[in-house]
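In: Build me a structure from this.
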Amino acid sequence: MTNSNLPSIQLADAITAQLAQLRRHLALAPPREAAQILANVLDYGTGLLGEVTELVSTGSRFAKVNSERGVLPPEVWLALGRAANELNTVGVDLTEHTGAIQKVAAPAVESSRPTAAPVASAMVVRRRR
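Out: The predicted model follows:
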């Protein structure tokens, strides 16, 4: 059981609540605003995804030290390390798509020429690992 009086636990609880609030905003936001939210979250250098990856990586280092001391089973360290690696891979994969998201987030530039309607792609291929 955690001690909810600790400032670090209160911070974690507050961040969790804010993430839930952000998720609700994203779900209801118009496309441009949703794209802005996603662009900020997915910015691997300064966004939420990069910070969460670093947080899990820090947790992995904690688990390593404590598994070496016999406080935690080694599987905990391995699982956190694997999670940090997977998050890093996902972050790197998403980096190549943030430009497209940022284009949706950018304010529309007025043009004297009519613009063509966006064309949906025929198929989206999902990679399996």
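In: what's the helix or strand for the residue nearest the centre of the chain?
Out: Using Cα atoms, centre = their mean, the residue of the chain that lies closest to the mean C-alpha position is Leu49, 2.9 Å off. Leu49 belongs to helix 48-68 when assigned by DSSP states H and E.
In: Same question for Glu33.
Out: Short version, using DSSP H and E: Glu33 is in helix 31-42.
In: Please enumerate residues in contact with the helix or strand of the chain with the lowest mean pLDDT?
Out: Within the chain, no helix or strand scores below helix 98-105, which has a mean of 90 by mean pLDDT, DSSP states H and E. Helix 98-105 is contacted from outside by 31-32, 35-36, 38-39, 42-44, using Cβ atoms under 8 Å, 6 or more residues apart in numbering. Glycine gets a C-beta too; all of them are placed from N, C-alpha and C.
In: Give the buried residues for that helix.
Out: 98, 101-102, 105 (16 or more other Cβ atoms under 10 Å).
In: residues contacting Asn88?
Out: Contacts of Asn88 by Cβ under 8 Å, 6+ apart are 53, 57.
In: Quickly note the distance from it to Val56.
Out: Noted for Asn88: a distance of 9 Å to Val56, by Cβ to Cβ, to the nearest Å.
In: swap in Glu68?
Out: From Glu68 to Val56 the distance is 19 Å (Cβ to Cβ).
In: Give me the more crowded residue out of the two.
Out: Set Glu68 next to Val56 and count neighbours by other Cβ atoms under 10 Å: Val56 wins out with 18 against 11.
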